[in-house]
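In: Compute the structure for the input listed below.
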Amino acid sequence: MDFKTFLQAGNSRRAMLKGMGVAAVGFSLTGALAGCGEKEAKKLANGEEAKLNFYNWDTYIGETTLEDYKDSSGVDVNMTLFASNDELFAKLRAGNQGYDVIVPSNDFVERMAAADMLMPLDQAQIPNFKNVAKDYQDVPYDPARKYSMPYTWLALGIGYRKSKVNGVPDSWKVLFDSDEYKGRIAVLSEAGDMFRLYGKYMGKSVNGLTDDDLKAIEAMMIKQKPNIKSFHEDNGQDLLLKGEVDLVLEYNGDIAQAMVEDSDIGFIIPKEGGQLNSDNLCIPKGAPHPKNAHAFINYLLDAEAGKKITETILYPTPNDAAKALMPDAYKNNTVIFPPADVLAKCEYAKFNPELQPKYEEAFTRVRAA
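Out: The predicted structure is shown next:
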């Protein structure tokens, strides 16, 4: 079975979400506990009410994951969506509004931990941690996985409509420093990622930018802004599919999905290299249901549950047990798992407490220009 056949055997993420009646602001799965009366459904054996509030990225969960979890645990999951790490951080920085599990990227795990916004995990309550690949069990941004569990890893690159571009757009230049595709480009709305990728285009490390670099990048962004149609809110693949843009800065998993729906779409990590991210499962300080949160994270790390998530979202999984259940069409796909020589030119971003506010301030000026 080839990759396209494998995927077309199931629903796309957009079709799945549409079928579930998902609104842009999120959705909830609620109702009485199956087989129990109302009074019995209010409390679980752990003493917590049978609820969990999940703050997640759009189109980033398995087709039946939340329903399956409710069937197995009796817990109703209310999932709401955020569009960027900046939005997630700002929302939680103002105080936990009732979230139990959140999904920040690697540099924001580091940032939120430093700001005392995350609850240390009790790994005894997460036995499925054993399913995680060794490379993801102890990571620089969260040594010994004190605050996070890995959910996916991902690579930023360029999604493009083959029939609308001149050859393969293999340089960040087409997005960052050219009017060749004026009005047909969408880029990210997240400040740090944008500045770091401009740095890559300039031949810098994503973790090696200086104040002078930031000034130069800000000027480049303002110059390029008339050529940008939108700074997208985690929906770049949809803009590409709808024909609203022809090139988009987006994650490999999102474009892998779009490629199944439209054979005219391609993906490339530019020759200058790119940025790798890892999205993670965390429990924010003040979570109202911490025991449920641990149990939910453990469930997401289950091999079969992880397989169903991966089949839907099409991101590289750090869950070895789940990956082992996936077909070769997934494991050998070079969009989802870029070749070693391509990955060698990519880097994970580190949280820089000095530069992060500068990224945000400069990007605000760019957006307002």
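
In: In this model Gly306 seems to touch Thr317, though I could be wrong.
Out: Yes - here Thr317 reaches Gly306: they are 6.2 Å apart, a contact under Cβ atoms under 8 Å. For glycine as for every other residue, the C-beta is placed from the backbone atoms N, C-alpha and C.

In: Which helix or strand contains Asp238?
Out: If you go by DSSP states H and E, Asp238 is part of helix 236-241.

In: I'd like to know which elements that helix is packed against.
Out: In terms of contacts (3 or more Cβ pairs under 8 Å, 6 or more residues apart in numbering; DSSP states H and E), helix 236-241 is packed against strand 149-161, strand 185-188, strand 247-251, helix 252-261.

In: and with 7 Å instead?
Out: If you count contacts as 3 or more Cβ pairs under 7 Å, 6 or more residues apart in numbering; DSSP states H and E, helix 236-241 packs onto strand 149-161, strand 247-251, helix 252-261.

In: What helices and strands are in contact with the last one?
Out: In terms of contact count using 3+ Cβ pairs under 7 Å, 6+ apart, helix 252-261 is assigned the packing partners helix 3-8, strand 149-161, helix 236-241, strand 265-268.

In: now that helix, how far from the centre of its chain.
Out: On the basis of Cα atoms, centre = their mean, to the nearest Å, helix 252-261 sits 14 Å off its chain's mean C-alpha point.

In: Show the average pLDDT along that helix.
Out: For helix 252-261, the mean pLDDT works out to 92.

In: ditto for the longest one
Out: On average, the pLDDT along strand 149-161 is 97.

In: Give the partner strands of that strand in its sheet and their orientations.
Out: Strand pairing for strand 149-161, using DSSP bridges, gives strand 247-251 (antiparallel), strand 265-268 (antiparallel), strand 275-281 (antiparallel).

In: Go through those strands and name the closest to Lys173.
Out: strand 247-251 (11.3 Å; Cβ to Cβ).

In: got the contact list for the closest one?
Out: Contacts of strand 247-251 with the rest of the structure, by Cβ atoms under 7 Å, 6 or more residues apart in numbering, involve 154-156, 158-160, 165, 169, 174-175, 181, 184-188, 232, 236-237, 239-240.

In: Verify the contact between Gly266 and Lys164 for me.
Out: No - contact criterion Cβ atoms under 7 Å: Gly266 and Lys164 do not qualify, at 10.8 Å.

In: neighbour-wise, which of those two wins?
Out: Gly266 (17 against 14; other Cβ atoms under 10 Å).

In: Can you check the distance spanned by stretch 314-326, start to finish?
Out: Counting by Cα to Cα, to the nearest Å, the length from the leading to the trailing residue of stretch 314-326 is 11 Å.

In: circling back: columns distance to Gly203 on top of the helices and strands packed on helix 252-261, output as JSON lines?
Out: Below are those laid out as JSON lines (distance: least, Cβ to Cβ, whole Å):
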{"stretch": "helix 3-8", "distance to Gly203": "34"}
{"stretch": "strand 149-161", "distance to Gly203": "17"}
{"stretch": "helix 236-241", "distance to Gly203": "25"}
{"stretch": "strand 265-268", "distance to Gly203": "18"}
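
In: Spatially nearest residue to Leu241 (excluding sequence neighbours)?
Out: Sequence neighbours aside, Ala258 is the residue nearest to Leu241 in space, at 5.4 Å (criterion: Cβ to Cβ, 6 or more residues apart in numbering).

In: Verify the contact between the one you found and Asp238 for me.
Out: No - here Ala258 does not reach Asp238: they are 8.1 Å apart, not a contact under Cβ under 7 Å.

In: number of nearby residues for Met194?
Out: Neighbours of Met194 (other Cβ under 10 Å): 22.

In: tell me the mean pLDDT for the helix or strand in which it is found?
Out: Assigned by DSSP H and E, Met194 belongs to helix 191-201. Averaging pLDDT along helix 191-201 yields 97.

In: The following helix or strand past it: which residues count as buried?
Out: Counting by DSSP H and E, the next helix or strand C-terminal to helix 191-201 is helix 211-224. Within helix 211-224, the residues scored as buried using 16 or more other Cβ atoms under 10 Å are 213-214, 217-218, 220-221, 224.
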